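> below: sequence and its predicted model.
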Amino acid sequence: MLLLVLKLLGSLTMFLYGMSLMSGGLQEMAGKRMRVFMAKMTSNNISQSVIGAKSV
């Protein structure tokens, strides 16, 4: 019984660690693209106004 609980906790720990690694990588990848996208979309006053109006 104790061995089963330890296996379950170990498996859960490895799963959560893997999810954490994947989440960090995805955020980093999406972060760069999002910065480039926002820089392009807010390059002039008209697009800045449209983006600002949509966010409200």
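Okay, I see it.

> center of the chain - which residue?
Centroid-nearest residue in the chain: Gln27, 3.3 Å away (criterion: Cα atoms, centre = their mean).

> what helix or strand does that one sit in?
In the assignment (DSSP states H and E), Gln27 maps to helix 2-41.

> centre of the chain to that helix, how far?
Computed by Cα atoms, centre = their mean, to the nearest Å, the chain-centroid distance of helix 2-41 equals 8 Å.

> only the buried residues of the helix or strand just after it, if you could.
Where DSSP H and E defines the elements, the next helix or strand beyond helix 2-41 is helix 45-55. Buried positions in helix 45-55, judged by neighbour count with 16 or more other Cβ atoms under 10 Å: none. C-beta: built from backbone N, CA, C; applies to glycine.

> quick one, helix 45-55 and helix 2-41 angle?
140 degrees (axes from the mean of the first three to the mean of the last three Cα atoms, to 10 degrees).

> mind exporting helix 45-55 as CSV, just the C-alpha atoms?
The C-alpha atoms that make up helix 45-55 are tabulated as CSV, following Å, rounded to 0.1, in the frame of the first residue of the first chain:
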residue,chain,number,x,y,z
ASN,A,45,-2.2,56.4,-34.2
ILE,A,46,-5.2,54.9,-36.0
SER,A,47,-4.3,51.3,-35.1
GLN,A,48,-3.5,52.4,-31.6
SER,A,49,-7.0,53.8,-31.3
VAL,A,50,-8.6,50.7,-32.7
ILE,A,51,-6.7,48.4,-30.4
GLY,A,52,-7.4,50.6,-27.4
ALA,A,53,-11.1,50.8,-28.2
LYS,A,54,-11.4,47.1,-28.6
SER,A,55,-9.8,46.4,-25.2
